[in-house]
Each structure stands twice: as structure tokens, then as C-alpha cells.
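> turn this into a model:
(2 chains)
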Amino acid sequence: MIEVNGLTRRFGRTLAVDDLSFTVSPGRITGFLGPNGAGKTTTMRLLLGLDRPTAGRATVNGVPYRELRRPLTQVGALLDATAVQGGRRADRHLWWLARSNGISRTRIGGLLELVGLGHVGGGRVGGFSLGMKQRLGLAAALLGDPEVLVLDEPTNGLDPEGIRWMRGLLKSLAAEGRAVLVSSHLMSEMAVTADHLIVVAQGRLRADAPISELVRPGMSLEDAFMDVISRSAR
Amino acid sequence: MSAVAAEWIKLRTLRSTWWALGVGVLMSLVLTVLGASTVIARWDPGRTSDQAAMGIVVAVYVGVVLAQLPFGMLGTMSVSGEHASGMIDTTFVATPSRVRVLMAKAAVLSGAAVGGSLLISVPGYLFGRFFAAEFRPSLLPAGAWTVIAGGTLMIVVTTLLGLALGAILRNGAVAATALVAIVLVLPFLVINLPGGEQISRFLPAYPALQLIEQLPDIMPTWAAFTVLAAWGVIPLLIATVAGARSHHGS
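Below is the predicted model:
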């Protein structure tokens, strides 16, 4: 469970995140939707202790991220899938990560199979396509079998088959009772993936509701999204 | 301990590590062999076995400290490489304590530096004994330990200085330039200044070269060890403070 309370992050004069409060509950996929530059990535970085908030706080299972012990066993994160060192083999990338949190190395083979990289685990990451790096990033996020997942645009670079596969995997992870937070700027993707939506624009919360409430019959999520964004801009 | 184990895996699963270590060790080994054989060939036949052993150790550690730049670069790359790729975020997601990550890197790199220096000094020493067999060198005379400790400390300090500069400056090229400036250029410039010897005491090069008997003693041995060690510790402390303060969190 993720709780964000009055979270604010100011960069110079701009408010990247402006008094944001929301909760990500277990057992469902929470879509984190907003246009480019809305503050989604900044919020996720604050949540993961990669940046410090100007005000407010974010906790995972009631604890600020930086105070978690063996954090990978509680939170799995995928931010920028391309942020890996190309010279290292995929399985060894997962190995150091597992070792840092006392996670058994025996999980690596199965996870590489799960994300469809079973045949290239011994290959260097530098030779991977963006889609393969996303799959590796997802394996890294699942390494510690965490109850909470924080994924920033995980379908980036995936082909249609890959997007479909990712959607199915996220749904089964939520069905297992995990709290899944997925950001996206693609409304169509969120419409078929998320159970609950948090919409942000210009760092502020615009909507926080079940998807069924946001999308009325005869209205696409795209329409609903534009409606929410434009209404709040006024 | 998990962070140390993870950093050790990270270090040895990158090819660039083995390139830096391989180049450093091989280059130094070749120079050690060449240097030692040249020096030994010029020895006075009346040299005692203790003097011979001491001469071998000194010649070997001149070779060892030649490897300091590749090792320092390794220290720099171990953190600047993560900043360049962005993987530093994954490191901090896995180990949120910035201090713990830096100390784990320092521990692993120190180990690599000591190991690397032994890969140069042990074969170099054995070669020296073989080449100087006619002098019947003793094993390790008392004075040799200062040379061994001083030479080893210099390698470790340069490696840790590289790490600290990489952590503070983040950009690999900038950090490598700063490292070369502090380790090589600055001491050379300063010694040629009037009164430069006074300043030289506080730079890493003079104390190290004094300890390995390449320069005349201008300070007590303990002072040379202290100044040299400070160049390993203080920049790391600065990097720790800079890392904790950074709003970027890294």
C-alpha cells in the first residue's frame, strides 16, 4: 500500500508536484495518468526516495522508502528501463541486484523465463532492444516478490504482442493481491489495463476514481481524460 | 555486507574492470621487470644480502605505484559509469543509504587495489630474487615493510581518490582529469616552485615516494603515512556529505 500525503516538489520556480495526495491500494492496478511533464515521474522518484520532497510525504506500508529494510522485497520499481550498464550480462545485472537485498540467486532463471528473456539471459544488455530492456526491468522489479509495484511507462518500446503480454502480467500480479501503480500518458492503454485512475496535470491531482466512474457509457477514456484536464485548467 | 557483496559482483561483471586491471597490472609488471633488471645489473658486487633484498623490494614498488592511474580510473568509473548510464538510481532503489553504497564501493575497490598490487609485487619480487641470485638476498629485511606498506597504501589511496572524485563530480572525464591533476600534475608543478617542498608534504605524491625510498626524507615516516591516508579518507568524507545533501539524492 502506497500513501502519498501533501507531496510537493519545487524545482526553482516551477512546482513539479503540487500538494498531491492519493493512495494506491492492494489487489488492483492503479493507473497514474497525465500528459507529458505532469509530474508523474517526479512523484515516483519521490516515492522511491530518489529525490526529497519540498513538503509532504510518501510512504510504503507506512514507512518512508529510505527507511525500508531490504526494500526490493517490499517494493518493485521500474523507472527508466534504459538506465542499465550495457557491458553487463542480463542475468548478472539481476544477480547484483538480488545480492544487494539478500534475495536468492535461484529466482533469476525463472524470472528471465517469465519475462520472455530466458534465451538471452547470458547476453549483454547493451545489445538489447528497448522492449527487451523493459522486460529486464520488469524482472528486476519482481526480483524480491514485492507486494507493491511502481512502474513508470512499462509498455514503452514494447510491440503490440508485448503490450498485451505486459497487461496480462500486471493483471495477474494485481489479482495476487499486490498494489500496482502504473504510469502512462496513453489513455487507451490505461482504459484496458487499470482498475482505478489517478489523473494529474501540472503537478496537481485532477481525478482519483475507479475507471467505471470516470468513463460513462458512450464516452471514451480519451474524452473523459480531456474533459478532466480542461475542466481543471479553467 | 549485502551492499559490499553486490558492489563486488558489479565490479567484476563489467569488462571495463578487467581492462583497467589488466592494463595496469601488465604494464607495471613489464616495467618492474625492466626496471629491476637494469638496477640490479648495476649493483656493486659487495652488496650484502639484506641490501640486495631491500633493493629488490624498492625496485618492485616503483613498478607497483606506476599502476596507480589505471586503478584510480577504475575507482572513478565505478561511480561515474553508473551516473552516465542512470543505473545509479537502481543502486539507490536497492540500497537507499547513499553512505552505505559509497562505503561498499570503497571496500571493494580497496580490496581490488590490494589484490592488484600483489599481482605486480609478488611476481616482481620473485623475478628480482631470481635475477639477483648471486647476491643471495635475504627474505624481507625490516625496512622493507615500510616500502611495502607505503606502496600498497599509495595504490589504495589513488583508487579511493578516484572513487571520491567520481562521486563528487559524477562526470567520468572531469573526474579522471581531476585525478591526474592531483596525483601527477600538481606535485610536479609544486616541487618546481620556490618553497614548493613545504607544500609537497601535503600532496599525496611526495609522502608516497618518500615511503618507497624514491625521494629524500623530509618528514617522519608516520607523517608521510598520515598525509597519504588522509588523501584517501578526506575526499571520501566530502563525497559522503555531498551525496547526503544533494537534492537529487545521489
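> only C-alpha atoms for contact and neighbour calcs from this point on.
Will do.
> show the average pLDDT along stretch B:216-227.
In this model, stretch B:216-227 carries a mean pLDDT of 95.
> what's the first-to-last distance across that stretch?
The first residue of stretch B:216-227 is 16 Å away from its last residue (CA to CA, to the nearest Å).
> only the buried residues of that stretch, if you could.
Residues of stretch B:216-227 classed as buried: B:224, B:225, B:227 (neighbour count, 16 or more other CA atoms under 10 Å in any protein chain shown).
> centroid-nearest residue for chain B?
Central residue of chain B (CA atoms, centre = their mean): residue B:155, 1.3 Å from the mean position.
> what helices or strands is whichever strand or helix holds it leaning on?
Taking DSSP states H and E as the definition, residue B:155 sits inside helix B:144-169. Here helix B:144-169 touches helix B:49-65, helix B:68-85, helix B:98-131, helix B:172-180, helix B:205-211, helix B:221-245, going by 3 or more CA pairs under 8 Å, 6 or more residues apart in numbering or on different chains; DSSP states H and E.
> follow-up on the earlier one: distance to chain A added to the buried residues of stretch B:216-227, as TSV?
What follows is the buried residues of stretch B:216-227, written out as TSV (distance: CA to the nearest CA, whole Å):
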residue	distance to chain A
B:224	37
B:225	34
B:227	34
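> and which of those residues is nearest residue A:188?
Relative to residue A:188, the closest of the buried residues of stretch B:216-227 is residue B:227; by CA to CA it sits at 63.3 Å.
> setting aside sequence neighbours, what's the nearest residue to that closest one?
Spatial nearest neighbour of residue B:227, excluding adjacent residues (CA to CA, 6 or more residues apart in numbering or on different chains): residue B:202 at 6.2 Å.
> helix, strand, or coil at that neighbour?
Three-state assignment for residue B:202 (DSSP: H, G, I helix; E, B strand; the rest coil): coil.
> what about the helices in chain A?
With DSSP state H applied, chain A shows helices at A:40-47, A:90-100, A:107-114, A:130-142, A:160-175, A:187-193, A:211-214, A:221-233, listed in chain order.
> residues of chain B that sit close to chain A?
B:2-7, B:9-10, B:13-16, B:81-82, B:85-87, B:89, B:91-97, B:247-250 (CA under 8 Å from any CA of the partner chain).
> which stretches of the chain aren't confidently modelled?
If you meant another chain, say so; for now it's chain A. For chain A, residues meeting the criterion pLDDT under 70 lie at A:232-234.
> meant chain B, my bad for not saying
Using pLDDT under 70, the flagged stretches of chain B are B:246-250.
> quick one: residue A:48 and residue B:67, what's the gap?
Distance from residue A:48 to residue B:67, counting by CA to CA: 40 Å.
> swap in residue B:230?
According to CA to CA, residue B:230 stands 20 Å off from residue B:67.
> more neighbours, these two?
More neighbours surround residue B:67 than the other of residue B:230 and residue B:67, with 26 against 17 (other CA atoms under 10 Å in any protein chain shown).
> give me the domain ranges for chain A.
A:2-74+A:150-233, A:85-145 (automatic domain parsing).
> a markdown table for the ones you listed, including distance to residue B:198?
A markdown table is the format used below for the domains of chain A (distance: least, CA to CA, whole Å):
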| stretch | distance to residue B:198 |
| --- | --- |
| domain A:2-74+A:150-233 | 44 |
| domain A:85-145 | 44 |
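> re earlier: burial of the residue nearest to residue B:227, as a residue count?
18.
> residue A:198 now?
Residue A:198: 23 surrounding residues under other CA under 10 Å.
> partner residues bridging it?
residue A:32, residue A:208 (DSSP bridges).
> nearest spatial neighbour of residue B:150, skipping sequence neighbours?
residue B:211 (5.2 Å).
> hang on, I meant residue A:120
Spatial nearest neighbour of residue A:120, excluding adjacent residues (CA to CA, 6+ apart): residue A:90 at 7.8 Å.
> can you report how many residues lie near the one you found?
For residue A:90, using other CA under 10 Å, the count is 26.
> the one 10 residues further on now?
Residue A:100 is flanked by 23 other residues according to other CA under 10 Å.
> contact partners for it?
Residues near residue A:100 by CA atoms under 8 Å, 6 or more residues apart in numbering or on different chains: B:2, B:3, B:4, B:5, B:6, B:94, B:95.
> the residue nearest to the centre of chain B is in contact with residue B:113, isn't it?
Yes - counting by CA atoms under 8 Å, residue B:155 does reach residue B:113; the two are 6.2 Å apart.
> ok, residue 218 - contacts?
Because you didn't say which chain, this covers chain A. Residue A:218 is in contact with no residue at all, counting by CA under 8 Å, 6+ apart.
> wait, chain B
When the contact criterion is CA under 8 Å, 6+ apart, the partners of residue B:218 are B:201, B:210.
> from residue A:185, how far out is it?
Following CA to CA, the distance that separates residue B:218 from residue A:185 is 67 Å.
> do residue B:209 as well
From residue B:209 across to residue A:185, the span is 60 Å (CA to CA).
> quick one, which of those two is more surrounded?
More neighbours surround residue B:209 than the other of residue B:209 and residue A:185, with 21 against 18 (other CA under 10 Å).
> so how far is residue B:231 from the closest residue to the more buried one other than its chain neighbours?
Of all residues not flanking residue B:209 in the chain, residue B:215 sits nearest, at 5.7 Å (CA to CA, 6+ apart). Computed as CA to CA, the residue B:215 to residue B:231 distance reads 19 Å.
> same check on residue A:26?
Applying CA to CA to residue A:26 and residue B:231 gives a distance of 50 Å.
> OK, contacts around residue B:230?
Not one residue lies near residue B:230 by CA under 8 Å, 6+ apart.
> give me the buried positions along stretch A:206-213.
A:206, A:207, A:208, A:211.
> likewise stretch A:96-116?
Within stretch A:96-116, the residues scored as buried using 16+ other CA under 10 Å are A:96-103, A:105, A:107-108, A:111-112, A:115-116.
> give me the beta-bridge partners of the spatially most central residue of chain A?
Nearest to the mean C-alpha position of chain A, counting by CA atoms, centre = their mean, stands residue A:151 at 1.5 Å. Beta-bridge pairing for residue A:151 (DSSP bridges): residue A:78, residue A:182.
> quick one: it and residue A:75 touch, right?
No - assessed by CA under 8 Å, residue A:151 is found out of contact with residue A:75, at 10.4 Å.
> you'd agree residue B:215 is in a strand?
No - under three-state DSSP, residue B:215 falls outside any strand and is assigned coil.
> isn't it right next to residue B:205, touching?
No - using CA under 8 Å, residue B:215 is not in contact with residue B:205, being 10.1 Å away.
> who's more crowded, those two?
Per other CA under 10 Å, whichever of residue B:215 and residue B:205 has more neighbours is residue B:205, with 22 against 12.
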